[in-house]
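Student: Fold the following and give me the result.
(one chain, ligands or ions: 1)
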Amino acid sequence: MARRKKTSTKKLLSGIIALIIVGLAGILGTNEEFVNTVSNMGEQTNSQNVQQVEFVAQEDLLIDFIDVGQADSILIRNQDKVMLIDAGTNEAGETVVNYLQNLGITKIDYVIGTHPHEDHIGGLDDVINHFDIGQIYMPKIETTTKTFEDVLESIENKNLTVTAPNKGDKIELGQAAGEFMTEPILDEDNLNVSSLVLRVEFGNTSYLFMGDAEEENEKTILWPKTDVLKVGHHGSSTSSSESFLEQVKPQYAIIMAGKDNSYGLPTQETIDKLNNIGSEIYRTDENGTIQMTSDGNTIEIKTNK
Ligand SMILES: [Zn+2]
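Tutor: Take a look at the predicted model:
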(Lines give C-alpha, C1' and ligand atoms only; values in the text may rest on other atoms or scores of the structure.)
Protein backbone atom coordinates (compact mmCIF):
# COMPACT_ATOMS: atom_id res chain seq x y z
CA MET A 1 0.00 0.00 0.00
CA ALA A 2 2.67 2.37 1.20
CA ARG A 3 4.59 1.50 -1.88
CA ARG A 4 1.60 2.13 -4.03
CA LYS A 5 0.94 5.34 -2.19
CA LYS A 6 4.59 6.31 -2.69
CA THR A 7 4.21 5.53 -6.33
CA SER A 8 1.09 7.57 -6.68
CA THR A 9 2.77 10.44 -4.77
CA LYS A 10 5.64 10.08 -7.21
CA LYS A 11 3.18 9.98 -10.06
CA LEU A 12 1.42 12.99 -8.65
CA LEU A 13 4.73 14.81 -8.24
CA SER A 14 5.91 13.95 -11.73
CA GLY A 15 2.50 14.94 -12.96
CA ILE A 16 2.83 18.31 -11.27
CA ILE A 17 6.35 18.70 -12.62
CA ALA A 18 5.13 17.73 -16.08
CA LEU A 19 2.35 20.30 -15.78
CA ILE A 20 4.87 22.92 -14.69
CA ILE A 21 7.10 22.04 -17.62
CA VAL A 22 4.16 22.11 -20.03
CA GLY A 23 3.05 25.38 -18.45
CA LEU A 24 6.54 26.87 -18.77
CA ALA A 25 6.83 25.61 -22.31
CA GLY A 26 3.43 27.08 -22.96
CA ILE A 27 4.47 30.45 -21.57
CA LEU A 28 7.77 30.30 -23.42
CA GLY A 29 5.97 29.10 -26.52
CA THR A 30 3.48 31.93 -26.27
CA ASN A 31 6.30 34.38 -25.82
CA GLU A 32 8.14 32.92 -28.74
CA GLU A 33 5.00 33.03 -30.83
CA PHE A 34 4.40 36.61 -29.75
CA VAL A 35 7.94 37.59 -30.67
CA ASN A 36 7.59 35.80 -34.01
CA THR A 37 4.29 37.48 -34.72
CA VAL A 38 5.71 40.91 -33.98
CA SER A 39 8.78 40.34 -36.14
CA ASN A 40 6.62 38.80 -38.88
CA MET A 41 4.43 41.86 -38.80
CA GLY A 42 7.53 43.95 -39.41
CA GLU A 43 8.65 41.70 -42.24
CA GLN A 44 5.22 41.57 -43.79
CA THR A 45 4.91 45.35 -43.70
CA ASN A 46 8.28 45.71 -45.40
CA SER A 47 7.71 43.03 -48.00
CA GLN A 48 4.22 44.36 -48.69
CA ASN A 49 5.73 47.74 -49.45
CA VAL A 50 8.28 46.26 -51.80
CA GLN A 51 6.08 43.65 -53.46
CA GLN A 52 2.76 45.49 -53.47
CA VAL A 53 2.65 44.95 -57.21
CA GLU A 54 4.70 42.20 -58.77
CA PHE A 55 6.77 43.34 -61.74
CA VAL A 56 4.98 42.38 -64.92
CA ALA A 57 6.88 42.08 -68.18
CA GLN A 58 5.08 44.10 -70.87
CA GLU A 59 4.85 43.57 -74.60
CA ASP A 60 4.13 47.30 -74.97
CA LEU A 61 6.75 49.98 -74.53
CA LEU A 62 5.95 51.97 -71.39
CA ILE A 63 7.44 55.39 -70.71
CA ASP A 64 6.73 57.29 -67.51
CA PHE A 65 7.78 60.92 -67.24
CA ILE A 66 7.74 61.06 -63.45
CA ASP A 67 6.67 64.36 -61.90
CA VAL A 68 9.72 65.30 -59.82
CA GLY A 69 9.20 69.07 -59.86
CA GLN A 70 11.88 71.18 -61.56
CA ALA A 71 13.90 68.11 -62.61
CA ASP A 72 13.96 65.07 -64.89
CA SER A 73 13.26 61.42 -64.22
CA ILE A 74 12.06 59.09 -66.97
CA LEU A 75 11.29 55.39 -66.63
CA ILE A 76 11.27 53.20 -69.75
CA ARG A 77 10.13 49.57 -69.74
CA ASN A 78 9.75 46.84 -72.34
CA GLN A 79 9.44 43.10 -71.75
CA ASP A 80 11.51 42.40 -68.63
CA LYS A 81 13.93 45.29 -69.16
CA VAL A 82 13.98 48.56 -67.24
CA MET A 83 15.77 51.82 -67.95
CA LEU A 84 15.86 55.01 -65.88
CA ILE A 85 16.99 58.29 -67.41
CA ASP A 86 17.85 60.67 -64.53
CA ALA A 87 16.53 60.48 -60.96
CA GLY A 88 15.33 63.96 -60.02
CA THR A 89 16.79 66.20 -57.30
CA ASN A 90 18.26 65.05 -53.97
CA GLU A 91 14.85 65.81 -52.48
CA ALA A 92 13.01 63.73 -55.10
CA GLY A 93 15.17 60.60 -54.67
CA GLU A 94 12.60 58.99 -52.37
CA THR A 95 9.75 59.79 -54.77
CA VAL A 96 11.58 58.04 -57.60
CA VAL A 97 12.48 55.02 -55.44
CA ASN A 98 8.85 54.66 -54.26
CA TYR A 99 7.50 55.08 -57.78
CA LEU A 100 9.67 52.22 -59.05
CA GLN A 101 9.07 49.99 -56.02
CA ASN A 102 5.31 50.41 -56.40
CA LEU A 103 5.67 48.94 -59.90
CA GLY A 104 7.42 45.91 -58.43
CA ILE A 105 10.76 46.91 -59.92
CA THR A 106 13.79 45.44 -58.14
CA LYS A 107 16.37 45.67 -60.91
CA ILE A 108 17.20 48.54 -63.25
CA ASP A 109 19.09 47.24 -66.27
CA TYR A 110 20.22 50.64 -67.53
CA VAL A 111 20.66 53.84 -65.54
CA ILE A 112 21.49 57.01 -67.43
CA GLY A 113 22.67 60.13 -65.61
CA THR A 114 22.43 62.56 -68.52
CA HIS A 115 24.79 65.11 -66.94
CA PRO A 116 26.04 65.90 -63.43
CA HIS A 117 23.51 68.60 -62.44
CA GLU A 118 21.54 68.15 -59.21
CA ASP A 119 18.13 68.20 -60.95
CA HIS A 120 19.18 65.10 -62.93
CA ILE A 121 21.49 63.06 -60.69
CA GLY A 122 20.34 64.29 -57.22
CA GLY A 123 18.28 61.18 -56.50
CA LEU A 124 20.65 58.80 -58.26
CA ASP A 125 22.45 57.68 -55.08
CA ASP A 126 19.08 56.67 -53.55
CA VAL A 127 18.20 54.74 -56.70
CA ILE A 128 21.58 52.98 -56.80
CA ASN A 129 21.29 52.08 -53.11
CA HIS A 130 17.78 50.61 -53.42
CA PHE A 131 17.91 48.54 -56.62
CA ASP A 132 20.04 45.97 -58.40
CA ILE A 133 21.77 48.01 -61.07
CA GLY A 134 23.00 46.75 -64.42
CA GLN A 135 24.83 49.33 -66.48
CA ILE A 136 25.33 53.01 -65.57
CA TYR A 137 25.93 55.59 -68.30
CA MET A 138 27.24 59.08 -67.59
CA PRO A 139 29.25 61.60 -69.63
CA LYS A 140 33.01 61.72 -69.04
CA ILE A 141 32.94 64.92 -67.01
CA GLU A 142 33.30 65.55 -63.31
CA THR A 143 32.14 68.23 -60.93
CA THR A 144 32.99 68.92 -57.28
CA THR A 145 29.49 69.10 -55.79
CA LYS A 146 28.46 66.95 -52.82
CA THR A 147 25.61 65.61 -54.99
CA PHE A 148 28.07 64.31 -57.58
CA GLU A 149 30.36 62.86 -54.90
CA ASP A 150 27.39 61.08 -53.27
CA VAL A 151 26.58 59.44 -56.60
CA LEU A 152 30.19 58.31 -57.09
CA GLU A 153 30.25 56.95 -53.54
CA SER A 154 27.08 54.90 -54.07
CA ILE A 155 28.56 53.55 -57.31
CA GLU A 156 31.82 52.60 -55.55
CA ASN A 157 30.01 51.01 -52.61
CA LYS A 158 28.25 48.64 -54.98
CA ASN A 159 31.38 47.95 -57.03
CA LEU A 160 29.68 49.27 -60.15
CA THR A 161 31.43 50.92 -63.06
CA VAL A 162 30.34 53.86 -65.20
CA THR A 163 30.27 53.73 -68.98
CA ALA A 164 30.80 56.98 -70.88
CA PRO A 165 29.05 56.34 -74.19
CA ASN A 166 30.06 57.74 -77.55
CA LYS A 167 27.88 58.84 -80.43
CA GLY A 168 26.44 55.74 -82.12
CA ASP A 169 26.64 53.45 -79.06
CA LYS A 170 23.54 51.29 -78.77
CA ILE A 171 21.39 49.85 -75.98
CA GLU A 172 18.90 47.01 -76.39
CA LEU A 173 15.87 47.34 -74.14
CA GLY A 174 13.68 44.31 -74.83
CA GLN A 175 12.31 44.91 -78.32
CA ALA A 176 13.21 48.61 -78.18
CA ALA A 177 16.48 49.90 -79.62
CA GLY A 178 18.30 52.85 -78.08
CA GLU A 179 21.13 54.84 -79.63
CA PHE A 180 23.26 57.68 -78.26
CA MET A 181 22.88 60.39 -80.89
CA THR A 182 25.60 62.92 -80.16
CA GLU A 183 29.14 63.14 -78.91
CA PRO A 184 28.80 64.89 -75.51
CA ILE A 185 30.53 68.29 -75.43
CA LEU A 186 32.75 68.28 -72.34
CA ASP A 187 32.68 71.89 -71.12
CA GLU A 188 33.18 72.35 -67.37
CA ASP A 189 31.64 75.83 -67.57
CA ASN A 190 28.40 74.50 -69.03
CA LEU A 191 27.56 70.97 -67.94
CA ASN A 192 24.28 71.04 -69.89
CA VAL A 193 26.10 70.44 -73.17
CA SER A 194 27.66 67.26 -71.79
CA SER A 195 24.12 65.78 -71.74
CA LEU A 196 23.77 62.25 -73.07
CA VAL A 197 21.09 62.26 -75.79
CA LEU A 198 19.29 58.95 -76.38
CA ARG A 199 16.90 58.09 -79.18
CA VAL A 200 14.72 54.99 -78.83
CA GLU A 201 12.88 53.16 -81.60
CA PHE A 202 10.07 50.72 -80.89
CA GLY A 203 8.27 49.24 -83.88
CA ASN A 204 7.17 52.21 -85.96
CA THR A 205 7.38 54.66 -83.06
CA SER A 206 10.34 56.76 -81.90
CA TYR A 207 11.38 58.82 -78.89
CA LEU A 208 14.15 61.36 -78.31
CA PHE A 209 15.44 62.17 -74.82
CA MET A 210 17.50 65.36 -74.82
CA GLY A 211 18.50 65.77 -71.16
CA ASP A 212 19.52 69.43 -70.91
CA ALA A 213 21.27 69.46 -74.31
CA GLU A 214 21.37 72.88 -75.96
CA GLU A 215 21.46 74.39 -79.43
CA GLU A 216 25.23 73.75 -79.45
CA ASN A 217 24.46 70.02 -79.34
CA GLU A 218 21.52 70.22 -81.73
CA LYS A 219 23.81 71.68 -84.43
CA THR A 220 26.20 68.72 -84.40
CA ILE A 221 24.07 66.25 -86.40
CA LEU A 222 21.07 65.97 -88.70
CA TRP A 223 18.09 64.63 -86.78
CA PRO A 224 15.68 61.92 -87.88
CA LYS A 225 11.98 62.67 -87.58
CA THR A 226 10.83 61.45 -84.16
CA ASP A 227 7.32 60.97 -82.70
CA VAL A 228 8.05 62.01 -79.11
CA LEU A 229 10.52 64.66 -77.96
CA LYS A 230 11.52 65.09 -74.32
CA VAL A 231 12.24 68.77 -74.81
CA GLY A 232 15.80 69.81 -73.91
CA HIS A 233 16.59 71.75 -70.73
CA HIS A 234 13.03 72.03 -69.32
CA GLY A 235 11.86 74.11 -72.29
CA SER A 236 14.59 76.75 -72.00
CA SER A 237 15.22 78.94 -75.06
CA THR A 238 18.90 77.85 -75.10
CA SER A 239 17.53 74.57 -76.50
CA SER A 240 14.96 73.61 -79.17
CA SER A 241 16.24 75.74 -82.05
CA GLU A 242 13.87 76.15 -84.97
CA SER A 243 16.12 74.16 -87.29
CA PHE A 244 16.30 71.26 -84.81
CA LEU A 245 12.53 71.20 -84.30
CA GLU A 246 11.91 71.33 -88.06
CA GLN A 247 13.98 68.14 -88.44
CA VAL A 248 12.57 66.22 -85.47
CA LYS A 249 8.98 67.43 -86.00
CA PRO A 250 7.65 65.62 -82.92
CA GLN A 251 3.97 64.75 -82.73
CA TYR A 252 4.26 64.97 -78.94
CA ALA A 253 6.54 67.28 -76.95
CA ILE A 254 7.12 66.55 -73.27
CA ILE A 255 8.36 69.34 -71.04
CA MET A 256 9.58 68.43 -67.55
CA ALA A 257 9.41 71.46 -65.26
CA GLY A 258 8.33 72.43 -61.74
CA LYS A 259 5.22 74.49 -61.11
CA ASP A 260 6.12 78.21 -60.79
CA ASN A 261 9.84 77.40 -60.95
CA SER A 262 12.22 80.30 -60.37
CA TYR A 263 13.83 79.88 -63.80
CA GLY A 264 10.60 80.78 -65.60
CA LEU A 265 10.74 77.53 -67.59
CA PRO A 266 9.46 76.59 -70.05
CA THR A 267 9.84 79.87 -71.93
CA GLN A 268 6.97 81.17 -74.05
CA GLU A 269 9.41 81.23 -76.97
CA THR A 270 9.84 77.44 -76.80
CA ILE A 271 6.09 76.85 -76.37
CA ASP A 272 5.43 79.02 -79.45
CA LYS A 273 8.02 77.15 -81.53
CA LEU A 274 6.51 73.78 -80.57
CA ASN A 275 3.02 75.04 -81.39
CA ASN A 276 4.27 76.34 -84.74
CA ILE A 277 5.45 72.89 -85.82
CA GLY A 278 2.15 71.36 -84.65
CA SER A 279 3.40 69.42 -81.60
CA GLU A 280 0.96 68.42 -78.89
CA ILE A 281 2.54 69.63 -75.65
CA TYR A 282 2.46 67.82 -72.31
CA ARG A 283 4.07 69.34 -69.19
CA THR A 284 4.80 67.77 -65.82
CA ASP A 285 4.14 71.13 -64.12
CA GLU A 286 0.57 71.09 -65.46
CA ASN A 287 -0.15 67.40 -66.15
CA GLY A 288 1.81 65.77 -63.30
CA THR A 289 3.29 62.38 -64.18
CA ILE A 290 2.83 61.55 -67.87
CA GLN A 291 2.49 57.86 -68.84
CA MET A 292 2.97 56.74 -72.40
CA THR A 293 2.12 53.31 -73.81
CA SER A 294 2.97 52.09 -77.30
CA ASP A 295 2.28 48.86 -79.13
CA GLY A 296 4.80 49.87 -81.78
CA ASN A 297 2.23 51.59 -83.99
CA THR A 298 0.20 53.92 -81.83
CA ILE A 299 1.08 55.95 -78.74
CA GLU A 300 -1.39 56.43 -75.89
CA ILE A 301 -0.87 59.10 -73.26
CA LYS A 302 -2.33 59.25 -69.76
CA THR A 303 -1.73 62.04 -67.26
CA ASN A 304 -2.62 62.20 -63.58
CA LYS A 305 -3.75 65.87 -63.72
ZN1 LIG B 1 18.03 70.24 -65.81
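Student: From here on, just use CA atoms for contacts and neighbour counts.
Tutor: OK.
Student: What ranges does the stretch 201-305 of the chain have for its strands?
Tutor: Using DSSP state E, counting those that start in this stretch, the strands assigned to the stretch 201-305 of the chain run over residues 205-209, 228-230, 252-255, 280-283, 290-294, 299-303.
Student: swap in the stretch 1-150 of the chain?
Tutor: Using DSSP E, counting those that start in this stretch, strands in the stretch 1-150 of the chain cover 58-65, 74-79, 81-85, 107-112, 132-137.
Student: re the thing from before, JSON lines for the strands of the stretch 201-305 of the chain, including mean pLDDT?
Tutor: Putting those into JSON lines (pLDDT from 0 to 100) gives the following:
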{"stretch": "strand 205-209", "mean pLDDT": "99"}
{"stretch": "strand 228-230", "mean pLDDT": "99"}
{"stretch": "strand 252-255", "mean pLDDT": "98"}
{"stretch": "strand 280-283", "mean pLDDT": "98"}
{"stretch": "strand 290-294", "mean pLDDT": "98"}
{"stretch": "strand 299-303", "mean pLDDT": "98"}
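Student: Now those in TSV, please, with extra columns for mean neighbour count.
Tutor: Shown next, in TSV, are these (neighbours: other C-alpha atoms under 10 Å):
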stretch	mean neighbour count
strand 205-209	23
strand 228-230	24
strand 252-255	23
strand 280-283	18
strand 290-294	19
strand 299-303	14
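Student: what about those, which gets the closest to residue 111?
Tutor: strand 205-209 (13.5 Å; C-alpha to C-alpha).
Student: who does that closest one touch, helix- and strand-wise?
Tutor: With contacts taken as 3 or more C-alpha pairs under 8 Å, 6 or more residues apart in numbering; DSSP states H and E, strand 205-209 sits against strand 198-202, strand 228-230.
Student: can I get the ones you listed in CSV with distance to residue 182?
Tutor: As requested, those are exported to CSV (distance: least, C-alpha to C-alpha, whole Å):
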stretch, distance to residue 182
strand 198-202, 8
strand 228-230, 15
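Student: before we move on, the earlier item: can you lay out the strands of the stretch 1-150 of the chain as a markdown table showing mean pLDDT, distance to residue 215 and mean neighbour count?
Tutor: What follows is the strands of the stretch 1-150 of the chain, written out as a markdown table (pLDDT from 0 to 100; distance: least, C-alpha to C-alpha, whole Å; neighbours: other C-alpha atoms under 10 Å):
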| stretch | mean pLDDT | distance to residue 215 | mean neighbour count |
| --- | --- | --- | --- |
| strand 58-65 | 97 | 23 | 19 |
| strand 74-79 | 98 | 22 | 21 |
| strand 81-85 | 98 | 21 | 22 |
| strand 107-112 | 98 | 21 | 22 |
| strand 132-137 | 98 | 22 | 17 |
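Student: out of these, which comes closest to residue 295?
Tutor: strand 58-65 (4.8 Å).
Student: Can you check what angle separates that closest one from strand 81-85?
Tutor: Here strand 58-65 runs at an angle of 10 degrees relative to strand 81-85 (axes from the mean of the first three to the mean of the last three C-alpha atoms, to 10 degrees).
Student: for strand 58-65, the distance to its chain's centre please.
Tutor: Averaging C-alpha positions (C-alpha atoms, centre = their mean, to the nearest Å) puts strand 58-65 13 Å from its chain's average.
Student: Relative to it, what are the paired strands and their orientations?
Tutor: Within its sheet, strand 58-65 is paired with strand 74-79 (antiparallel), strand 290-294 (antiparallel), according to DSSP bridges.
Student: Now tabulate these in TSV and tack on distance to residue 109.
Tutor: As requested, these are exported to TSV (distance: least, C-alpha to C-alpha, whole Å):
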stretch	distance to residue 109
strand 74-79	10
strand 290-294	20
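Student: For residue 176, find the nearest of these.
Tutor: With C-alpha to C-alpha, the closest approach to residue 176 among the strands paired with strand 58-65 belongs to strand 74-79: 7.0 Å.
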